[in-house]
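Visitor: Next come a sequence and a model predicted from it.
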Amino acid sequence: MKQRIPLLLLLAAVMIISNMPASAQQRKGVVLNHIALYVVDLQKSTAFYRDIIQLDTIPEPFHDGRHTWFQVAEHSHLHIISGAKAITTHDKNSHLCFSVASVDEFMSRLRKHHIPFYSWAGDADKPTVRVDGIKQIYFTDPDGYWVEINDDHP
């Protein structure tokens, strides 16, 4: 019986570890939790990220009419927060990037909604094809934040 106790403890430990979430088993350090954008018009920005980018909204804890939260990845969110006093100019080097299955289909959506987009070099209505073959486009959201869409999609 004494020999069975260590074996039973080992089996119990294996069962507990195998049922733990992957995140608990593989702590890899820092992970992205959220990105927050300060916007002038919450409704306009919410519609943009929901309807154009097609992110899903998720519940936000404040319920104060000043926040919209979007799911970006399993444990990553985009928080839109109202209260900015003015739309400001941003450099394209600072941008959000989302990957889609088809940049061509996404460009059609932008054209349908009359949202201009550019290559990295600034050519209107044209994508860039990077040296690694990834196709990408750039455009701004209602507050002037740059957004990249590319086809580096799993």
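Guide: Cool, got the structure.

Visitor: average pLDDT across the helix or strand containing Met107?
Guide: According to DSSP states H and E, Met107 maps onto helix 103-112. Averaged over helix 103-112, pLDDT sits at 98.

Visitor: Not counting its own residues, what contacts that helix?
Guide: Residues outside helix 103-112 that contact it (C-beta atoms under 8 Å, 6 or more residues apart in numbering): 52, 100, 116-117, 125, 127, 135-137, 139, 149-151. Placement of C-beta: from N, CA and C, glycine included.

Visitor: Looking at those residues, spot the one nearest Leu32.
Guide: Using C-beta to C-beta, Asn150 comes nearest to Leu32 of the contacts of helix 103-112, at 17.5 Å.

Visitor: number of nearby residues for the closest one?
Guide: Look at Asn150: counted by other C-beta atoms under 10 Å, it has 19 neighbours.

Visitor: in the sheet, who's paired with the residue lying closest to it once chain neighbours are set aside?
Guide: Once flanking residues are discounted, Asn150 sits nearest to Gln136: 3.9 Å by C-beta to C-beta, 6 or more residues apart in numbering. Judged by DSSP bridges, the bridge partners of Gln136 are Thr128, Asn150.
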